[in-house]
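*Asks:* here is the input, now give the coordinates:
(chains A and B)
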Amino acid sequence: MAVTVKIPTQLRAVTAGEDEIEVDGGTVGEALDAVFDAHEDLRERITDDGTLRRFVNVYVSGEDIRFQQGLETPLSDGDEVTILPAVAGGR
Amino acid sequence: MALKGLRCKECASEYELEARYVCEGCFGPLEVHYDWSGLDPAEAKRKIQAGPAGIWRYADFLPFAARPRDPLPPGLTPLVRAERLAARLGIGELWIKNDAANPTHSFKDRVVAVALAKARELGFTTVACASTGNLANAVAAHAAAAGLESYVFVPADLEEQKLLATSIYGTNLVGVRGSYDDVNRLCTELCEARPWAFVNVNLRPYYAEGSKTLAYEAVEQLGWELPDRIVCPIASGSLFTKIGRGFEEWLELGLVKGAMPVFSGAQATGCDPVAEAFSEGWDVCRPQRPETIAKSLAIGDPADGPYAVELARRTNGSVESVADEEIRDGIRLLAETTGIFTETAGGVTVAVLAKLAEAGAIDASERVVAIITGEGLKTLDANRESFAMREIEPTLSSFAEQVEPLAAGAG
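*Replies:* The predicted structure follows:
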């Protein structure tokens, strides 16, 4: 599946300023691995022992993957995977 | 100067004091870092007591080099002794910190005042937030008072009264088709794309500091003594943990002596990721989809949840949750025994207080402070079914026949 992974500002120093990366992957985990293959430094920024760090949120087309199947969440062609810092400051 | 910089709560990486909220190394949240070495506690107290009647009397403990000018200063809200409620619940000494007595009627005035003072200092001319109520009111009002442009993002299906009470201040009110979590995600993305100060995103480290003033005020209003227990609602967990930080700072610096209070957190059963993590023994919160009348607490993915769990554990406290019916009862119980009408979040706090008291978790010798964060008039729908009125003819006989035989006792 060809998908777009959106990189937040805080990580663009590692991607040489790229804010979107096109990769192939059948699941969120595979797509992220493909991103890490291109930018190895990203791996330890957002994962720890193969799982997402606790202040990293990942969305597939706007939907939090923790409400789906986490890193196993399947992707369809053209999906957007968005990485964002976890902040919810209050209402 | 006491103010040092921003520091990651996870990995301790340090950053300049700018509009930044996430560690680039590990994505952990950033926090303001101070160094008060050499501070003379007696002198600090004297300065506080000579300061203005609001949060800015604590300016030495807030993220500013000098006390900022604030056109709508919050704080120094009443701490009232609640003897009738204490007697009802079998608590020895109970105090209500009534933060509805702020300019826009909730504790959010504290955090927004700090965030906007920092926004002005950093040169922002536009401020923004994602909200469903109290924060929206506060951002719109404080921006109006300071002459800043503001954008308030809310779920489009919000109740009319909340939209009106925000738009009246002349803000740009934007209704987003989606849930609060959708609005919050949009704002996190917008924050990267617009040169704006989002009070609860890129200014979050400063914003959060405003909540410490609740701890400072409680200490000062108790005659420079500590409470034994704090009962406080938890949404993102920021208020809860920053009240803890406020006490810790003053204990470390010697402004107050004694033991760290026990921290009892309060959530609604319909959105209790922090209570769940506490009772399950987890270090992280599993996100939930909120379903509760306590909308101001309905954050399914609480950013400071792990730290709130840690504070409750460290102080031998707990995090409890209560159902919607208990929340309504809590609002009524507080109103009937103290004359304070609180919003649903306050109902959550009172219901958890009652639950702890009934379970025998609160010792009769304890001095308890319950944090009431907002005003009942903002959540009238929660109690809409509960009021009673007897309609009569304008005659003495009608009153004597239809009202007096049924009159409720003074209690």
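*Asks:* low pLDDT regions in chain A?
*Replies:* By pLDDT under 70, the weakly predicted segments of chain A are A:87-91.
*Asks:* longest helix in it, by number of residues?
*Replies:* helix A:28-38 (DSSP state H).
*Asks:* which residues in the stretch 201-350 of chain B form helices?
*Replies:* B:204-209, B:212-221, B:238-253, B:273-280, B:305-314, B:324-338, B:344-358 (DSSP state H, counting those that start in this stretch).
*Asks:* quick check: which of those helices is buried the most?
*Replies:* helix B:204-209 (a mean of 28; mean count of other C-beta atoms under 10 Å in any protein chain shown). To be clear about C-beta, it is placed using only N, CA and C from the backbone, and glycine gets the same treatment.
*Asks:* and the residue nearest to residue B:381 when sequence neighbours are not counted, what pLDDT?
*Replies:* In space, and not counting its chain neighbours, residue B:381 is closest to residue B:159: 7.0 Å by C-beta to C-beta, 6 or more residues apart in numbering or on different chains. For residue B:159, the model assigns a pLDDT of 77.
*Asks:* so how far is residue B:375 from residue B:159?
*Replies:* 15 Å (C-beta to C-beta, to the nearest Å).
*Asks:* between those two, tell me which one has more neighbours.
*Replies:* residue B:375 (22 against 15; other C-beta atoms under 10 Å in any protein chain shown).
*Asks:* phi, psi of the more buried one?
*Replies:* phi -90, psi 140 (degrees, to the nearest 10).
*Asks:* which ones are touching it?
*Replies:* Applying C-beta atoms under 8 Å, 6 or more residues apart in numbering or on different chains to residue B:375 gives the contacts B:100, B:105-106, B:341-343.
*Asks:* can you report how many residues lie near the closest residue to chain A within the stretch 151-300 of chain B?
*Replies:* Nearest residue of the stretch 151-300 of chain B to chain A: residue B:200, at 2.3 Å (C-beta to the nearest C-beta). Using other C-beta under 10 Å, residue B:200 has 31 other residues around it.
*Asks:* give me the pLDDT for it.
*Replies:* So, for residue B:200, pLDDT stands at 91.
*Asks:* repeat that for the one 5 residues further on.
*Replies:* Per-residue confidence (pLDDT) for residue B:205: 96.
*Asks:* got the contact list for stretch B:163-180?
*Replies:* Residues contacting stretch B:163-180 (C-beta under 8 Å, 6+ apart): A:91, B:130, B:132, B:136-137, B:139-141, B:143-144, B:149-158, B:182-183, B:186, B:290, B:298-299, B:378.
*Asks:* would you mark the buried spots in it?
*Replies:* Across stretch B:163-180, burial judged by 16 or more other C-beta atoms under 10 Å in any protein chain shown covers B:163, B:165-166, B:169, B:171, B:173-174, B:176, B:179-180.
*Asks:* who touches residue B:334 in this structure?
*Replies:* Residue B:334 neighbours (C-beta under 8 Å, 6+ apart): B:85, B:96, B:340-342, B:346-347, B:350, B:372.
*Asks:* hmm, try it at 7 Å
*Replies:* Neighbour list for residue B:334: B:85, B:340, B:342, B:346, B:350 [criterion: C-beta atoms under 7 Å, 6 or more residues apart in numbering or on different chains].
*Asks:* break down chain A into its helices, ranges please.
*Replies:* A:28-38, A:40-46.
*Asks:* now do the strands in the stretch 1-150 of chain B.
*Replies:* With DSSP state E, counting those that start in this stretch as the criterion, the stretch 1-150 of chain B has strands at B:3-8, B:14-15, B:30-34, B:79-81, B:93-98, B:126-130, B:149-155.
*Asks:* scratch that, chain A
*Replies:* A:2-6, A:20-24, A:47-48, A:51-52, A:56-60, A:63-64, A:80-85 (DSSP state E).
*Asks:* can you redo these as a markdown table with mean neighbour count and distance to residue B:383?
*Replies:* Below are the strands of chain A laid out as a markdown table (neighbours: other C-beta atoms under 10 Å in any protein chain shown; distance: least, C-beta to C-beta, whole Å):
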| stretch | mean neighbour count | distance to residue B:383 |
| --- | --- | --- |
| strand A:2-6 | 18 | 44 |
| strand A:20-24 | 14 | 49 |
| strand A:47-48 | 15 | 46 |
| strand A:51-52 | 16 | 41 |
| strand A:56-60 | 22 | 35 |
| strand A:63-64 | 18 | 33 |
| strand A:80-85 | 21 | 37 |
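*Asks:* could you dump these to TSV with distance to residue B:50?
*Replies:* Putting those into TSV (distance: least, C-beta to C-beta, whole Å) gives the following:
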stretch	distance to residue B:50
strand A:2-6	52
strand A:20-24	55
strand A:47-48	49
strand A:51-52	50
strand A:56-60	45
strand A:63-64	49
strand A:80-85	40
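*Asks:* in a markdown table: those, plus distance to chain B.
*Replies:* Shown next, in a markdown table, are the strands of chain A (distance: least, C-beta to the nearest C-beta, whole Å):
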| stretch | distance to chain B |
| --- | --- |
| strand A:2-6 | 8 |
| strand A:20-24 | 13 |
| strand A:47-48 | 8 |
| strand A:51-52 | 9 |
| strand A:56-60 | 5 |
| strand A:63-64 | 6 |
| strand A:80-85 | 4 |
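*Asks:* who in the stretch 201-350 of chain B is up against chain A?
*Replies:* B:201, B:204, B:207, B:235-236, B:238, B:284, B:287, B:296, B:299, B:301-303, B:306 (C-beta under 7 Å from any C-beta of the partner chain).
*Asks:* thinking again about what came up before, of the contacts of stretch B:163-180, buried ones?
*Replies:* A:91, B:130, B:132, B:136-137, B:139-141, B:143-144, B:150-155, B:158, B:182-183, B:186, B:290, B:298-299, B:378.
*Asks:* what are the buried residues along stretch B:68-87?
*Replies:* B:68, B:70, B:72-77, B:79-80, B:82, B:85-86.
*Asks:* many thanks, we can stop here.
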